[in-house]
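Novice: For reference, the sequence and a predicted model appear below.
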Amino acid sequence: MTRKSTILVLIAVCLIGIFSLVFLTFLGNLVMSYYMHKPTHREPLIVSDIEKPEMPVFMPSTEKTEEKSTAGEFEVQAQTLPYRKMVYEAYLRLKVEDSEEKAREAESIALKYNGYVGNLQIGKDRAVVTLRIPTENFYLAINDLRKLGELEDENVRAIDVTEEYIDLTARLNNLKNVEKRLLALLDKAVTVEEILKVEAQLKVVREEIERLTARLRYLENRIEYSTIVVEFIEPEKVEVEWPSFNILDAVAKGLAAMYAAVYALVVIVFALIPLIVLGGLIYIAYKTYKRRVLKAKPK
């Protein structure tokens, strides 16, 4: 190989390397452009559920402190202790397949025992129903509600409000007596000053009477109607996602892999170019030296 042909080979190698680099750059931009403009996976639109309700204050604790009684036991208690004023509350958590359907059945149970629905909240996979049931049907309703699903948690408690009830009643009677005396004084008042003083005291007494009356009515309502909160929950549904096949995506990934492989090859070639050039120069020098030596020898 002559020196001229060697130089041409080196130039050809450089041109091929430059062309390969330009081609790979173009191919890389093409692949990146595909991924940048590829439509992203859209999450399915989910209509927001009704806000999940906060649990009432008598939600289940870590330990169950209340004694569970049957309907018959409750009747015995009512007969032996008729003077006690009791407030009954219960919480049930049931696992069901269809929470909304079971919530509707719980409504029917409330109507069956002459009760009503105090609150109803239905979510995507959860429903909470607050039932107000006449106290005499409290345990009967609980027995029916247990049958609606798989019982996961239960908490029943009875609160003795006899002392508060008696206290409210006594205070209310005393205030009514004070009101009568003030009315009598108002009839006897002569001066404007006396009338204003009595009316001011009468206003304070009547406000307190209204407050105690409202509290007593609230307490009587809780005594007459027990509260049962039922939470229906559905088991977690495992959704199997099958892999989707996209021909364009497969081609793009193939081009990306090919681009990476060729790019690595070109990097290796360009890394070797200095060595190739150095080897070519050494080879040209060696051939030139050898030619001169051969010419110097006598024939």
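Specialist: Nice, I can see it.

Novice: neighbouring strands for the helix or strand harbouring residue 87, and are they parallel or not?
Specialist: Using DSSP states H and E, residue 87 falls within strand 86-95. Paired with strand 86-95 in the same sheet, following DSSP bridges, are strand 150-160 (antiparallel), strand 225-233 (parallel).

Novice: Can you give the contact residues for the shortest one?
Specialist: When contacts are defined by Cβ atoms under 8 Å, 6 or more residues apart in numbering, strand 225-233 is touched by residues 55-56, 58-59, 87-96, 99, 102-103, 106, 115, 118, 125-135, 138, 141-142, 145, 148-149, 152. C-beta: built from backbone N, CA, C; applies to glycine.

Novice: With only the CA atoms kept, save that strand in CSV.
Specialist: Extracted C-alpha coordinates of strand 225-233, given in CSV (Å, rounded to 0.1, in the frame of the first residue of the first chain):
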residue,chain,number,x,y,z
TYR,A,225,-84.3,6.7,71.1
SER,A,226,-81.0,4.7,71.3
THR,A,227,-78.4,5.4,68.6
ILE,A,228,-76.8,2.7,66.4
VAL,A,229,-74.1,3.6,64.0
VAL,A,230,-73.4,0.9,61.3
GLU,A,231,-70.4,1.0,59.0
PHE,A,232,-70.5,-1.2,55.9
ILE,A,233,-67.2,-1.7,54.2
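
Novice: For that strand, give the mean pLDDT please.
Specialist: For strand 225-233, the mean pLDDT works out to 96.

Novice: do the same with stretch 252-264
Specialist: Mean predicted confidence for stretch 252-264 is 73.

Novice: right, so the strands paired with strand 86-95: which one is the most enclosed?
Specialist: A comparison of these by mean neighbour count, using mean count of other Cβ atoms under 10 Å, puts strand 225-233 on top with a mean of 23.

Novice: Can you name the next helix or strand after that strand?
Specialist: Under the assignment DSSP H and E, the closest C-terminal helix or strand after strand 225-233 is helix 247-296.

Novice: Show me what that next one is packed up against.
Specialist: helix 3-37 (3 or more Cβ pairs under 8 Å, 6 or more residues apart in numbering; DSSP states H and E).

Novice: quick check: mean pLDDT across the helix it packs on?
Specialist: Helix 3-37 carries an average pLDDT of 62.

Novice: Look up how far residue 198 lies from residue 190.
Specialist: Per Cβ to Cβ, to the nearest Å, residue 190 is found 11 Å from residue 198.

Novice: what about those two, which has more around it?
Specialist: Counted by other Cβ atoms under 10 Å, residue 190 and residue 198 do not tie: residue 198 has more neighbours, with 19 against 7.

Novice: so what's the more buried one closest to, chain neighbours aside?
Specialist: In space, and not counting its chain neighbours, residue 198 is closest to residue 186: 4.6 Å by Cβ to Cβ, 6 or more residues apart in numbering.

Novice: neighbours around the one you found, how many?
Specialist: Residue 186, neighbours per other Cβ under 10 Å, totals 15.

Novice: Report all helices and strands that the host helix or strand of it contacts.
Specialist: Following DSSP H and E, the helix or strand that holds residue 186 is helix 162-188. Packing partners of helix 162-188 (3+ Cβ pairs under 8 Å, 6+ apart): helix 192-224.

Novice: Strand 86-95 and the helix it packs on, what's the angle between them?
Specialist: With axes from the mean of the first three to the mean of the last three Cα atoms, to 10 degrees as the basis, helix 192-224 and strand 86-95 are set at 50 degrees to each other.

Novice: Name the residues of helix 192-224 that come out as buried.
Specialist: Across helix 192-224, burial judged by 16 or more other Cβ atoms under 10 Å covers 198, 201, 202, 205, 209, 212, 216, 219, 222, 223.
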